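>>> Take this sequence and fold it.
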Amino acid sequence: MSRHGHYTWVIGILGLHLLMAVIVARHMSTTYDEPDHLDYGRQLLLYGNPERTRSDFDSKMPVSVLNALPSGLAQFLRHWGWMPRMGARLQSIGAARLPTIAASLVLAYVVGQWSAELYGEWAGRFALLLYAFSPNILAHATLATTDLYAALGAVLSSYYFARFLKHRHLRTALLAALILGLAQLAKFSSPSLFLWQWLLVVVLYAARRRWHIRVPERRLLVMYGLLSLVLTWGVLQIGFLFHQPIVRLANLHLVSNEFQALQAVSVLSELPLPVPGPFVQGLDMMREHERTGETGGNLYLLGEVRETGRRGFKPFYSYYVVCYLFKEPIALQLLFVMGLWWMLRHRSLRDFLVGDACVVFPMLGYVLLMTFTNKLQVGLRWILPSLAFTPIAASAYFAGWQAWGRRRQILSCLVLVYLMVSVLSYFPHMIPYTNELVLDRKLTYKIFADSNLSWGQNSAMVLQFIEAHPDVSLNPPAPREGRVLVEVNRLVGVFGTSDRYRWLREHYKPIAHVGYAHLLFAVGP
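Residues are numbered from 1 along each chain as shown. Next up, the predicted model:
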């Protein structure tokens, strides 16, 4: 493909992803978490206050300022009496979602670029296509939340860390450290990137003599470590507007058992910590809400409900594996396996460690982290960074595209067509997407619920349906005859109790759905 053809492909796929994302964003109602993210972003942007003033501000991060920018501009226009129509549009949830869509375009380009550097230009082109048609990416690239930003931070920081390992200079170390620091403004899971990077450094250093691996000098590695810490500290201070830049645990109102235990140790409680107070406060609140499940709801998987709010409730250790098997397109899963198989066949251990490991380590690391350290299993979106790495690993399968025979190329194109048809069969309903392993889409609730299916995104559709069918009862509090429409999370017991709609689940099957998140039942006498 000529350079003109290459850029046409890249711009075309990015344009297609943009178009699809805008359509999905315009179609969805405001989801459950978006108002909280936007409120925190506005509080930070308009009032310079990063405090956790509400319990639902526990996980909110400074990156939400980006989504609050349109409403901030609207307030400025309203103050001066300029362009009232424009101001009204900027206040909409659609305008608030545009920065996330822009971040997704950046992430798409990085995915394609990194894949091209690892496996060749054709692999990069196909990685871009796989990213553009990733349903879970599309679902969360169109929301005013932080999940997509966390994925961008994970991929971008890993990419520049890989460049640092390859181009061992102070300037590459500085850039990689800065990107790593910026990634910490997106989500509280982002500090795990330090772990994956230094774990890889330890492995490389241990294997450098046996496999003749060139690694950065010790002095440069130490410099990178110091730069990472200093720049992360600086980025966090700027992100939280230097609010309580140095804190003591003794001066904070802490709610989690772990932080209260530290606070009870006089030496530790009086120790000055050079991190912003709201950051520590958020960690504390997140830890407490994870223990109690206060901000989530009950856990649900494969028909089993585990009630939160009880001491010692256990997560599902198979949760993300099950969700991945049913929520990622079968074609993408197949290509991912083929990509890993290509690595096993064509990469020596040395080549894997100095190239592919920067993709595979964080990709698997996020899954393990969320599985074994976080009990709030509320949807596949919590491992969105891993899903963003998937197109890169899958693109390894296309490394030898130009040398393939025509039959293999046609077969691979058919797999890609199957992927696109599968995704478009749900379009623009991307949040509840499930693959063809679910034969009856009305029965998806028997596998999972929560933000995998219903996150408030179809509330406008439900209102329109109820207005057009006044005989339908919406979420009835008790058994009744006639047509009944029930939201999935209420039906299975994520919200409320699992007994409330047991009469409906055990005796009736849904006859239709509204946006896949509400199920319609015909209840007889």
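>>> so who does residue 220 touch?
168, 170, 173 (C-beta atoms under 8 Å, 6 or more residues apart in numbering). All C-beta atoms are positioned from the backbone trio N, CA, C, and that covers glycine.
>>> typo on my end, it should be residue 32
451, 455, 456.
>>> Please tell me how far it sits from residue 232.
30 Å (C-beta to C-beta, to the nearest Å).
>>> Please apply the same query to residue 86.
From residue 86 to residue 232 the distance is 38 Å (C-beta to C-beta).
>>> what's the answer for residue 271, then?
Counting by C-beta to C-beta, the gap from residue 271 to residue 232 is 19 Å.
>>> Quick check on the two: which one has the bigger neighbour count.
residue 232 (22 against 13; other C-beta atoms under 10 Å).
>>> still on that earlier bit, tell me which of the contacts of residue 32 is nearest to residue 344?
Nearest to residue 344 out of these is residue 451 (C-beta to C-beta; 34.1 Å).
>>> Around the residue nearest to residue 275 when sequence neighbours are not counted, count how many other residues there are.
Spatially, and ignoring its direct neighbours in sequence, residue 275 is nearest to residue 236 (6.4 Å; C-beta to C-beta, 6 or more residues apart in numbering). Using other C-beta under 10 Å, residue 236 is surrounded by 20 other residues.
>>> Ok, residue 503 next?
13.
>>> mean confidence score for the host helix or strand of it?
Assigned by DSSP states H and E, residue 503 belongs to helix 502-507. Mean pLDDT, helix 502-507: 91.
>>> Check stretch 149-156 too.
Averaged across stretch 149-156, pLDDT comes to 97.
>>> what residues does it touch?
By C-beta under 8 Å, 6+ apart, the list of residues contacting stretch 149-156 reads 63, 66, 100, 103-104, 106-107, 110-111, 114, 137, 140, 179, 182-187, 189-190, 193, 362, 366, 384-385, 387-389, 392.
>>> What distance do you get for residue 43 to residue 60?
9 Å.
>>> Which pLDDT value belongs to residue 396?
Taking residue 396 on its own, its pLDDT is 96.
>>> That one contacts residue 342, correct?
Yes - counting by C-beta atoms under 8 Å, residue 396 does reach residue 342; the two are 4.6 Å apart.
>>> Got the domain ranges for this structure?
The chain resolves into domains spanning 3-242+311-424, 249-305, 443-523 when parsed by automatic domain parsing.
>>> Show me where the stretch 1-150 of the chain has its helices.
For the stretch 1-150 of the chain, the helices defined by DSSP state H, counting those that start in this stretch cover 3-27, 34-47, 65-80, 84-90, 93-119, 121-132, 135-140, 147-166.
>>> Check these for me and report the most buried one.
Greatest average neighbour count among those goes to helix 135-140 (a mean of 28), per mean count of other C-beta atoms under 10 Å.
>>> tell me the mean pLDDT over that one?
96.
>>> could you dump it to CSV, C-alpha only?
Provided in CSV are the C-alpha atoms of helix 135-140 (Å, rounded to 0.1, in the frame of the first residue of the first chain):
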residue,chain,number,x,y,z
PRO,A,135,-17.9,-2.8,21.2
ASN,A,136,-16.8,-2.2,24.8
ILE,A,137,-14.4,0.5,23.7
LEU,A,138,-17.2,2.2,21.7
ALA,A,139,-19.5,1.9,24.7
HIS,A,140,-17.2,3.8,27.1
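>>> quick one: the helix or strand containing residue 232 to chain centroid distance?
In this assignment (DSSP H and E), residue 232 forms part of helix 218-239. The chain centre lies 25 Å from the centre of helix 218-239; the measure is C-alpha atoms, centre = their mean, to the nearest Å.
>>> and that helix with helix 65-80, angle?
Here helix 218-239 points in a direction 30 degrees away from that of helix 65-80 (axes from the mean of the first three to the mean of the last three C-alpha atoms, to 10 degrees).
>>> Mean confidence (pLDDT) on helix 218-239, please.
On average, helix 218-239 scores 93.
>>> Report the angle between it and helix 34-47.
Using the same axes, to 10 degrees: helix 218-239 against helix 34-47 is 90 degrees.
>>> Run the chain-centre distance for the next helix or strand after helix 218-239.
On the C-terminal side of helix 218-239, the closest following helix or strand by DSSP H and E is helix 257-264. Offset of helix 257-264 from its chain centre (C-alpha atoms, centre = their mean): 30 Å.
>>> Tell me the buried residues in helix 257-264?
259, 263 (16 or more other C-beta atoms under 10 Å).
>>> List the neighbours of the helix or strand following that helix that are in contact with it.
Note on helix 257-264: by DSSP H and E, the next helix or strand toward the C-terminus is helix 266-269. Contacts to helix 266-269, defined as C-beta under 8 Å, 6+ apart, come from residues 248, 249, 250, 262, 263.
>>> Same list, the helices of the stretch 1-150 of the chain, but as JSON lines with distance to residue 378 please.
Converted to JSON lines, these look like this (distance: least, C-beta to C-beta, whole Å):
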{"stretch": "helix 3-27", "distance to residue 378": "20"}
{"stretch": "helix 34-47", "distance to residue 378": "14"}
{"stretch": "helix 65-80", "distance to residue 378": "20"}
{"stretch": "helix 84-90", "distance to residue 378": "30"}
{"stretch": "helix 93-119", "distance to residue 378": "19"}
{"stretch": "helix 121-132", "distance to residue 378": "24"}
{"stretch": "helix 135-140", "distance to residue 378": "13"}
{"stretch": "helix 147-166", "distance to residue 378": "11"}
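>>> Which of those has the lowest mean pLDDT?
Among the helices of the stretch 1-150 of the chain, helix 84-90 scores lowest, at a mean of 85.
>>> elements contacting that helix?
If you count contacts as 3 or more C-beta pairs under 8 Å, 6 or more residues apart in numbering; DSSP states H and E, helix 84-90 packs onto helix 65-80.
>>> Return the distance of the helix it packs on from the chain's centre.
Chain-centre distance of helix 65-80: 26 Å, with C-alpha atoms, centre = their mean.
>>> relative to helix 147-166, how tilted is that helix?
Using the same axes, to 10 degrees: helix 65-80 against helix 147-166 is 130 degrees.
>>> for helix 65-80, packing partners?
Helix 65-80 packs on helix 34-47, helix 84-90, helix 93-119, going by 3+ C-beta pairs under 8 Å, 6+ apart.
>>> out of these, nearest to residue 491?
Closest among those, using C-beta to C-beta: helix 34-47, at 23.1 Å.
>>> Contacts made by the closest one with the rest, please.
Looking at what lies outside helix 34-47 - C-beta under 8 Å, 6+ apart - the contacts are 49-51, 53-54, 56-57, 60-62, 64-69, 71-72, 75, 93, 96, 143-146, 241.
>>> Residue 419 contacts residue 133, doesn't it?
Yes - taking contacts as C-beta under 8 Å, residue 419 lies within contact range of residue 133: 5.8 Å.
>>> Residues that sit against both of those two, list them.
residue 329.
>>> and residue 216, how many neighbours?
The burial count for residue 216: 22, using other C-beta under 10 Å.
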